[in-house]
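Q: Generate a structure from the sequence data that follows.
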Amino acid sequence: MNRFNVVRYTAFAIEMLLCYILQSTPGLQLELFGGSPVLLVPLALSISVFEDDVPAVIFGLICGLMADSGYSGPMGYYSICLCILCFITSVLMENYIRTNLLSAFIIGTISVPLIIFLQFVLFYIAMGYSSVWEYFISHILSRMIFTWAFVPVFYGLNRFIAAKTKES
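A: Numbering: from 1, shown residues only. Just a heads-up that it's a prediction; the model follows:
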């Protein structure tokens, strides 16, 4: 591992810690219309846009574990989802799709609602809670939109980090 990778991975780790602190500390949580964003999801996806498959999966796993520990519910949901989506994103970006804002935006537009809606289906609808659609409208929909809004922010930040720390 060269010094550029160490600097890049350290910057990604600092980003992950800051996002975890921001999304899990009471009083610091961002909230829009009753839903707070899952900042670690767009962060993991944007990291996987610029990394090879193994580092992308590792960062996806770490972000997933942090997201799992920050939200109530079964441990492992975000970890599994982010590992799979970060691997797919990394392979797509390495082999099939050009790395640019549009492609990252499309991946975020598909992945973020998929993860959050699947969580809603598995842990609210399947468990038989009442008034699930009111909860979906009041909390889950705003969480999807608010999380999705951070995709370009993290893409820009991680693009800068990757550009400054890639070997020439």
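
Q: Show residues contacting the strand or helix carrying I58.
A: Per DSSP states H and E: I58 is located in helix 53-70. Contact partners of helix 53-70, identified using CB atoms under 8 Å, 6 or more residues apart in numbering, comprise 9, 12, 16, 19-20, 23-24, 38, 40-41, 43-44, 47-48, 51, 75-83, 85-87, 89-91, 94. Using the backbone N, CA and C atoms, a C-beta is placed for each residue, glycine as well.

Q: now do 7 Å
A: If you take CB atoms under 7 Å, 6 or more residues apart in numbering as the criterion, helix 53-70 is touched by 12, 16, 20, 23-24, 38, 40-41, 43-44, 47-48, 51, 75-79, 81-83, 85-87, 89-91.

Q: May I have whichever helix or strand comes after that helix as PDB, with CA atoms only?
A: The first helix or strand that comes after helix 53-70 along the chain, using DSSP H and E, is helix 77-95. C-alpha atoms of helix 77-95 as PDB (Å, rounded to 0.1, in the frame of the first residue of the first chain):
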ATOM      1  CA  TYR A  77     -29.300  -5.000   7.200                       C
ATOM      2  CA  TYR A  78     -27.400  -2.000   6.100                       C
ATOM      3  CA  SER A  79     -24.100  -4.000   6.100                       C
ATOM      4  CA  ILE A  80     -25.400  -6.600   3.700                       C
ATOM      5  CA  CYS A  81     -27.100  -4.100   1.500                       C
ATOM      6  CA  LEU A  82     -24.100  -1.800   1.300                       C
ATOM      7  CA  CYS A  83     -21.700  -4.600   0.700                       C
ATOM      8  CA  ILE A  84     -23.700  -5.900  -2.300                       C
ATOM      9  CA  LEU A  85     -24.500  -2.400  -3.700                       C
ATOM     10  CA  CYS A  86     -20.900  -1.200  -3.300                       C
ATOM     11  CA  PHE A  87     -19.500  -4.200  -5.000                       C
ATOM     12  CA  ILE A  88     -22.000  -3.800  -7.900                       C
ATOM     13  CA  THR A  89     -21.200  -0.100  -8.200                       C
ATOM     14  CA  SER A  90     -17.500  -0.600  -8.100                       C
ATOM     15  CA  VAL A  91     -17.600  -3.300 -10.800                       C
ATOM     16  CA  LEU A  92     -19.900  -1.200 -13.000                       C
ATOM     17  CA  MET A  93     -17.700   1.900 -12.700                       C
ATOM     18  CA  GLU A  94     -14.500  -0.100 -13.400                       C
ATOM     19  CA  ASN A  95     -15.700  -2.000 -16.400                       C
END
